[in-house]
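>>> Here's my sequence, what's the structure:
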Amino acid sequence: MSIKLRQYKKCDGNTIAGWIKSERALRMWSSDRYGDFPITADDINKKYYENNGDCDEADNFYPFVAFDDEGLIGHLIMRYVDKSKSTVRLGYIIVDDERRGQGYGKKMLQMAVAYVFDYLGAERITLGVFEINESAYGCYRAVGFRETGEISVRSPYGEDWQFIEMEITR
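Residues are numbered from 1 along each chain as shown. Have a look, this model is predicted:
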């Protein structure tokens, strides 16, 4: 399996929006960070380019895609969460439905972890996952993420979902 990471481009928005086929999928992917379903490439691009991923500081938001010779495979964002730039948060993690279960998500995350530690120089990476998203939770654990013990309840879909914080350290 040979995949690469590159920075997100505006033209990637259509593909990523197309992977989100239901309101439930949107909420598992983004919690309450987007408005109504369906979302569009314009919604994603506005958030990333006009709103800096909802980040206050100008240089702390980095959207990426994973791809191979057949096209896009997955997507995620990285953003610093502290002024010392020692912790990076991953988010908006998604893999094309047709490529799930084949190890692409794990490979994409392994590459992202290496990028954060080796290039961005952070010491810690965090992410959150809904407990009901069993495939994502299993993937994160397989990459080496562990629960922090912090669990909250969110209701982005009108149901109470447990949200589990996870981390990996250098």
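
>>> Report the distance from the longest helix belonging to the chain to the chain centre.
The residue-count maximum for a helix in the chain (DSSP state H) belongs to helix 104-115. Averaging C-alpha positions (Cα atoms, centre = their mean, to the nearest Å) puts helix 104-115 11 Å from its chain's average.

>>> same deal with stretch 87-106?
Relative to its parent chain, stretch 87-106 has a centroid offset of 7 Å by Cα atoms, centre = their mean.

>>> avg pLDDT for it?
The predicted model gives stretch 87-106 an average pLDDT of 95.

>>> end-to-end on that stretch?
Start and end residues of stretch 87-106 are separated by 20 Å (Cα to Cα, to the nearest Å).

>>> which residues in this structure form helices?
For the chain, applying DSSP H gives helices covering 13-19, 23-30, 41-45, 104-115, 134-143.

>>> The nearest residue to Asp54 once chain neighbours are set aside - how many residues pack around it?
Leaving aside its chain neighbours, Asp54 sits nearest to Lys47 (6.7 Å; criterion: Cβ to Cβ, 6 or more residues apart in numbering). Any C-beta I mention is one placed from the backbone N, CA and C, and that applies to glycine too. Using other Cβ atoms under 10 Å, Lys47 has 21 neighbouring residues.

>>> Please report how far Lys47 lies from Ala25.
Per Cβ to Cβ, to the nearest Å, Lys47 is found 17 Å from Ala25.

>>> picking up where we left off before, just so I know, which of the helices of the chain lies nearest Lys4?
helix 104-115 (8.0 Å; Cβ to Cβ).

>>> can you list contacts of that closest one?
1, 3, 5, 64, 66, 73-74, 76, 78, 90, 93, 95-96, 125, 136, 139-140, 142-144, 168 (Cβ atoms under 8 Å, 6 or more residues apart in numbering).
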